[in-house]
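Colleague: just need the structure, nothing else, for what follows:
(one chain, ligands or ions: 1)
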Amino acid sequence: MKRHYPCDLEAKQLIVEIGKRMYAKNMVAANDGNISVKVADDMIWATPTGVSKGFMKEDELVKMKLDGTIVSMGRLKPSSEIKMHLRVYNENPEIGAVTHAHPPVCTGFAIAGIALDKAIYSEALINLGAVPCVHYETPGSQALADAVAPYCRDYNGVLLANHGALSWGRDLMEAYFRLESMEHYAMVTMLTGSLIGKANALSAEQVNELLEIRRGLGYSSGGASLRTAAASGTEKTDASAHECACPDPRCGIMTESGIRRLADDVAEKLKEQN
Ligand SMILES: [Zn+2]
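Modeller: Residues are numbered from 1 along each chain as shown. A predicted model of the protein is given here:
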């Protein structure tokens with residue numbers, strides 16, 4: 001089936017509009033952040049370097065191929081961080097848009113190296129799923145683009161250690177809403193963790209129910225790898241349950257099948273006790 005992409009004009013208008021929203025919502029300061037949208041299988045429009053996302057004009061945007069070749073540009077080059085976007089598109093052809101910003105609460109978690117993976121917030125679980133934290137690499141480097149690559153199929157966004165947040169989606173609204181959801185999820189995690197000091201995690205069964213809902217919405221990625229009540233009760237889960245894409249064997253994050261197995265194990269133990 002042929003994919004539907006926005007036309008050049010639609011893509012540019014959308015990027016300018018989302019840039020304004022990102023800036024208005026305090027997700028970026030000064031010239032931070034970048035946005036890109038696919039307009040053909042191998043072509044995107046992207047934000048240039050050195051311009052505030054709150055004050056962008058359509059004629060400043062850059063059109064480029066997924067191999068990095070510039071097709072058309074205004075007075076400014078594309079952002080160095082576009083390497084990250086290109087890598088995401090090349091890893092997963094289903095992705096139609098990528099957004100990157102430095103939302104303060106997400107960035108706080110990224111600086112602390114803490115993934116957003118607690119199964120405590122049902123809406124975030126449906127819209128977003130778990131958000132791993134990618135290890136630090138210099139912003140704008142190819143090494144950072146490469147570090148993001150293992151996550152592009154199984155997640156809907158990542159935190160970038162000591163840097164910010166990156167999200168993607170089938171279109172720009174989906175990618176941007178995931179960025180908003182990520183900041184919301186981070187905010188709620190911060191409130192329950194630091195200020196309120198308590199968060200009741202959802203059970204494996206409740207998480208399964210939410211995963212069912214998200215499947216109904218056509219999401220196949222990102223619902224996995226959440227720390228449920230049973231899993232987060234212990235410091236780390238057993239290594240065999242660790243199946244997430246991250247290379248860190250200590251991370252303890254579980255995929256959907258890991259959670260299902262855990263749920264089965266718990267049910268088995270309860271049966272034995274009765
Ligand atoms: Zn950045």
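
Colleague: I'd say Val188 and Ser122 touch.
Modeller: No - checked against CB atoms under 8 Å, the pair Val188 and Ser122 is beyond contact range at 10.9 Å. C-beta coordinates here come from the backbone N, C-alpha and C atoms, glycine included.

Colleague: among these two, which residue is more densely surrounded?
Modeller: Val188 (19 against 14; other CB atoms under 10 Å).

Colleague: give the contact list for that one.
Modeller: 120-121, 124 (CB atoms under 8 Å, 6 or more residues apart in numbering).

Colleague: residues contacting Met56?
Modeller: Contacts of Met56 by CB under 8 Å, 6+ apart are 15-16, 19-20, 47-48.

Colleague: would you map the strands across the stretch 101-250 of the chain?
Modeller: Along the stretch 101-250 of the chain, counting by DSSP state E, counting those that start in this stretch, strands occupy 133-134, 157-160, 164-169.

Colleague: buried residues, stretch 131-145. List them.
Modeller: 131-134, 136-137, 139, 144-145 (16 or more other CB atoms under 10 Å).

Colleague: repeat that for stretch 116-123.
Modeller: For stretch 116-123, using 16+ other CB under 10 Å, the buried residues are 116-121.

Colleague: and the end-to-end length of that stretch?
Modeller: Counting by CA to CA, to the nearest Å, you get 14 Å between the two ends of stretch 116-123.

Colleague: gap between the closest residue in space to Glu174 that isn't next to it in sequence and Tyr185?
Modeller: Nearest-residue entry for Glu174: Ala97, 7.1 Å, with adjacent residues in sequence omitted and distances by CB to CB, 6 or more residues apart in numbering. For Ala97, the distance to Tyr185 equals 20 Å [CB to CB, to the nearest Å].

Colleague: and for Ala112?
Modeller: 15 Å.

Colleague: out of the two, which sits in the more crowded spot?
Modeller: Set Ala112 next to Tyr185 and count neighbours by other CB under 10 Å: Tyr185 wins out with 28 against 11.

Colleague: could you check how far that one is from Gly74?
Modeller: 35 Å.
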